[in-house]
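Novice: only geometry, no sequence info:
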């Protein structure tokens, strides 16, 4: 294992980005090392295996040992989940609703940008696994559609 040399300038820059964007965490990878800053503490991982980065899957094909339900729609980004278009408005979907492919399921706010989360398939909403205004992580199960 190679010795990790921490570049203080990179960490300070990343910490500044956390403050500017109001994010709760940020991750940076270079030269086989990854630095992940989480508001309140810093986690440094080293070395990183060289592997291509894949996009987050929108639907998990089956339940995994980590407890992700089958047919779960997962978060494509870190952010805040909003189940309605504005406070006090009805939710985009509720348990039991039939949804069509491309229909907005919720909004994920990331870096002050509101990102609609479209349904990757048609089906019936079986579970909503997050609450309105809840912070979410990349790959976190959000909803089950069958």
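Specialist: Cool, got the structure. Bear in mind that the values here come from a model prediction, so they are computed numbers and not experimental data. Numbers count the residues shown, from 1 in each chain.
Novice: Ranking helices and strands of the chain by mean pLDDT, which lands last?
Specialist: When the helices and strands of the chain are scored by mean pLDDT, DSSP states H and E, strand 41-45 comes last with a mean of 45.
Novice: ok, then the element right after it?
Specialist: Counting by DSSP states H and E, the next helix or strand C-terminal to strand 41-45 is strand 72-74.
Novice: Show the average pLDDT along that following strand.
Specialist: For strand 72-74, the mean pLDDT works out to 92.
Novice: Tell me which stretches of the chain form helices.
Specialist: For the chain, applying DSSP state H gives helices covering 8-21.
Novice: Domain ranges for it, per the record?
Specialist: Listed domain ranges for the chain are 8-45, 72-145 (source: automatic domain parsing).
Novice: Of those domains, flag the one that's most buried.
Specialist: Neighbour counts (mean count of other Cβ atoms under 10 Å) averaged over each of these peak at domain 72-145, with a mean of 16. In short, each C-beta sits where N, CA and C put it, glycine included.
Novice: and the end-to-end length of that one?
Specialist: 7 Å (Cα to Cα, to the nearest Å).
Novice: which intervals of this structure have sub-threshold pLDDT?
Specialist: 1-7, 32-33, 40-67 (pLDDT under 70).
Novice: Run through the bridge partners of the closest residue in space to residue 104 that isn't next to it in sequence.
Specialist: Spatially, and ignoring its direct neighbours in sequence, residue 104 is nearest to residue 116 (4.5 Å; Cβ to Cβ, 6 or more residues apart in numbering). Note on residue 116: beta-bridge partners by DSSP bridges are residue 107.
Novice: doesn't residue 109 make contact with residue 116?
Specialist: No. Taking contacts as Cβ atoms under 8 Å, residue 116 lies outside contact range of residue 109: 10.8 Å.
Novice: if I look at these two, which residues touch both of them?
Specialist: When Cβ atoms under 8 Å, 6 or more residues apart in numbering defines a contact, no residue borders residue 116 and residue 109 alike.
Novice: and stretch 119-131, how far from the chain's centre?
Specialist: Its chain's C-alpha centre and that of stretch 119-131 lie 16 Å apart, by Cα atoms, centre = their mean, to the nearest Å.
Novice: what's the answer for stretch 107-126, then?
Specialist: Using Cα atoms, centre = their mean, the offset of stretch 107-126 from its chain centre is 11 Å.
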